[in-house]
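> build me a structure from this.
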Amino acid sequence: LDAASSAPPLAASSPLVAAPPGPIRIVVTDPDGTNRNHILDDGVHIIGRPSKSGINPAVQLNDRFVSRDHARIVKEIGSVVVIDKNSVNGTKLNGCRLDAGQPYPLHDHDKIEIEGFILWVDFSMDDRVP
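Presented below is the predicted three-dimensional model:
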């Protein structure tokens, strides 16, 4: 795959990956190298830039090049997907830019990139990421 122009081959038509029951962890590595953890239960979780009014993202990336509703992680019983919400600067999954609006299944230890932020997916919460 050409990482600059091709989306991962795991688009909406691909089978979903079995996600563990209970919460998952997203480890965010900020551009300065600082790590922070976000624990996500079932539901829709916004990834984006915080605002003083309106959207309050579950995973906040404080950078002017990150959209307020940049991407979403949707965790349902048995599956977890990431969806780029037609952001201007895009979202990458394991180095490949995502097509806006398409759900991409997430696997344990996948890497989501948004601007200078890296989000590591951790189903097992085993401290092996990043």
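
> how about the helices in this protein?
Counting by DSSP state H, the chain has no helices at all.

> which regions of it sit below the pLDDT cut-off?
Judged by pLDDT under 70, the chain has its weakly predicted residues at 1-18, 126-130.

> quick check: residue 76 touching residue 41?
No. Under the criterion of C-beta atoms under 8 Å, residue 76 is not in contact with residue 41, lying 10.7 Å apart. Any C-beta I mention is one placed from the backbone N, CA and C, and that applies to glycine too.

> joint contacts of these two?
With C-beta atoms under 8 Å, 6 or more residues apart in numbering applied, the contact sets of residue 76 and residue 41 do not overlap.

> hang on, residue 89 packs against residue 61?
No. Here residue 89 does not reach residue 61: they are 11.1 Å apart, not a contact under C-beta under 8 Å.

> give me the common contacts of the two.
With C-beta under 8 Å, 6+ apart, residue 89 and residue 61 have common neighbours 114-115.

> of these two, which one has the most company?
For the pair residue 89 and residue 61, the greater number of neighbours falls to residue 61 (22 against 12), based on other C-beta atoms under 10 Å.

> for the more buried one, which non-adjacent residue is spatially closest?
Leaving aside its sequence neighbours, residue 61 sits nearest to residue 117 (C-beta to C-beta, 6 or more residues apart in numbering; 4.9 Å).

> now do the contacts for the one you found.
Contacts of residue 117 were listed using C-beta under 8 Å, 6+ apart, and they are 28-31, 61, 63, 66.

> all strands of this structure, in order?
24-29, 35-40, 43-48, 59-60, 71-76, 79-84, 92-93, 96-97, 103-105, 111-114, 117-122 (DSSP state E).

> angle of the first one against strand 79-84?
Strand 24-29 and strand 79-84 are oriented at 40 degrees to each other (axes from the mean of the first three to the mean of the last three C-alpha atoms, to 10 degrees).

> which neighbouring elements make contact with strand 24-29?
With contacts defined as 3 or more C-beta pairs under 8 Å, 6 or more residues apart in numbering; DSSP states H and E, the packing partners of strand 24-29 are strand 35-40, strand 117-122.
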